[in-house]
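Asks: Here is a sequence with its predicted model. Questions after.
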Amino acid sequence: MMKLGEGPIAGNAQAESPLDGLGRPLAIEARGLVKRFDGFTAVGGVDLSVPEGSIYGVLGPNGAGKTTTLRMLLGIIDPDEGLRRVLGHDRPHEVAHAIGYLPEERGLYPAMKAYEAIAFLGSLRGLPLAEGRRRGKALLEEHGLGYAIDRQIRQLSKGMAQQVQLLGTLVHDPRLVVFDEPFSGLDALNQGKLEKMIRGLAARGTTVIFSTHVIAHAERLCDEVAIIAGGKVPFAGKVDAARDRIRPQVRLETRSQDGPWRAAIPADARREGSLWLFSLPDSGIEPLLRALIEGEAGIQSLSIERAGLHDAFVAIAGEAAARALDEDKPEETAR
Ligand SMILES: Nc1ncnc2c1ncn2[C@@H]1O[C@H](COP(=O)(O)OP(=O)(O)OP(=O)(O)O)[C@@H](O)[C@H]1O
């Protein structure tokens, strides 16, 4: 069986982060993670490398295996097969104090005041309660929730309580934060605030890994993503590398309706009046431009756009998985 620490992954010391092939330290490394529930394979062999200080998205539709994967990384459940190393430790529990986790099922004690709830979550990760209370108040102030400091959780809206819980996952200043669908249940304004908070965490060197079924969040925020569908990861890596899996799209508007230039237009191009839409041919833009000019197409407008993450997702995970993502969308207020 493959062992972590082999090949380009250096360092056997327990607390040292392994390195990836590019020499970057990894906050999380997982190889071949498998989880079965009563014979059903929920996760069928997941490989992930999450560089330290990066924002990493686990992107997939409902039931894809996102939560199960995150739980294995956190040590909440053990994999049936495979290996994981988190912040340089093979047993994630040993570094629990350096990890913040927002589970998919939200919940705080209704009778606790907001700042106490934050302190309580911090105490579960080793932060003394008195310090947690002090930090809890400061965090609420800092994030525009000062008015909620002395309110009980039961007096807060669901979205507000979720923000309090989010602050509770950060109060002990973790090196790694794991958010399971953090944008669910937040309105557009608070989704924007959360995006800013995630960027702020990464800017301070904190590693953020989050699951989502909304491509727009992953596309705007993430350095790298794992695309997960049916418990498998058909792609893991840089967002740009995913987008490069499909060819750029050309939008061409011509004055001429017909002429020798038409030979330069691919046979599968879509036509809408004087507008042509097609994938950039393998030969690239220059031969296309030359043929259009020499063939007197009368170019009125021409744009070449790199594919978005949505199109890349369709190409990588398939139409069915993309449809499942789209079906999930309405509950979100993605921008
Ligand atoms: N404890 C469990 N017992 C049995 N089946 C489970 C259990 N946990 C998860 N599953 C199944 O494993 C699959 C993956 O579930 P998981 O919760 O990891 O998906 P997900 O991508 O997080 O989906 P969602 O976005 O809906 O939360 C699903 O088919 C789910 O029903």
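Replies: Yep, it's here. Numbering: from 1, shown residues only.

Asks: contacting residues around the helix or strand containing Thr69?
Replies: In the assignment (DSSP states H and E), Thr69 maps to helix 66-74. For helix 66-74, the external contacting residues (C-beta atoms under 8 Å, 6 or more residues apart in numbering) are 28, 30, 33, 35, 42-43, 46, 48, 58, 60, 77-79, 84, 86, 92, 99, 101, 104, 178, 180-181, 209, 211, 213, 228, 231. Where you see a C-beta, it was placed from the backbone N, CA and C, and this is true even at glycine.

Asks: restrict these to contacts with the ligand.
Replies: Near the ligand, judged by C-beta under 6 Å from any ligand atom, the entries from the contacts of helix 66-74 are 42, 60, 104, 213.

Asks: I'd like to know how far Gly63 sits from the ligand.
Replies: 4 Å (C-beta to the nearest ligand atom, to the nearest Å).

Asks: tell me the mean pLDDT over the helix holding Thr69?
Replies: Average pLDDT, helix 66-74: 95.

Asks: next one: stretch 249-261
Replies: 92.

Asks: Could you pull up the residues touching the residue lying closest to Ala27 once chain neighbours are set aside?
Replies: Distance criterion C-beta to C-beta, 6 or more residues apart in numbering; nearest residue to Ala27, sequence neighbours excluded, is Thr207 at 3.9 Å. Counting by C-beta under 8 Å, 6+ apart, Thr207 touches 27-28, 50-54, 56, 175-177.

Asks: Tell me the one among those residues nearest to the ligand.
Replies: Checking these against the ligand with C-beta to the nearest ligand atom, the nearest one is Tyr56 at 15.4 Å.

Asks: Pairing partners for the helix or strand hosting the closest one, with directions?
Replies: Per DSSP H and E, Tyr56 falls inside strand 55-59. Using DSSP bridges, strand 55-59 pairs in its sheet with strand 207-212 (parallel), strand 224-229 (parallel).

Asks: could you check the angle helix 66-74 makes with it?
Replies: 140 degrees (axes from the mean of the first three to the mean of the last three C-alpha atoms, to 10 degrees).

Asks: Using PDB, write down the CA coordinates of strand 55-59.
Replies: The C-alpha atoms that make up strand 55-59 are tabulated as PDB, following Å, rounded to 0.1, in the frame of the first residue of the first chain:
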ATOM      1  CA  ILE A  55      -8.100  28.500  -0.100                       C
ATOM      2  CA  TYR A  56      -9.300  25.000  -1.300                       C
ATOM      3  CA  GLY A  57     -12.700  24.100  -2.400                       C
ATOM      4  CA  VAL A  58     -14.400  20.700  -2.500                       C
ATOM      5  CA  LEU A  59     -17.000  21.100  -5.200                       C
END
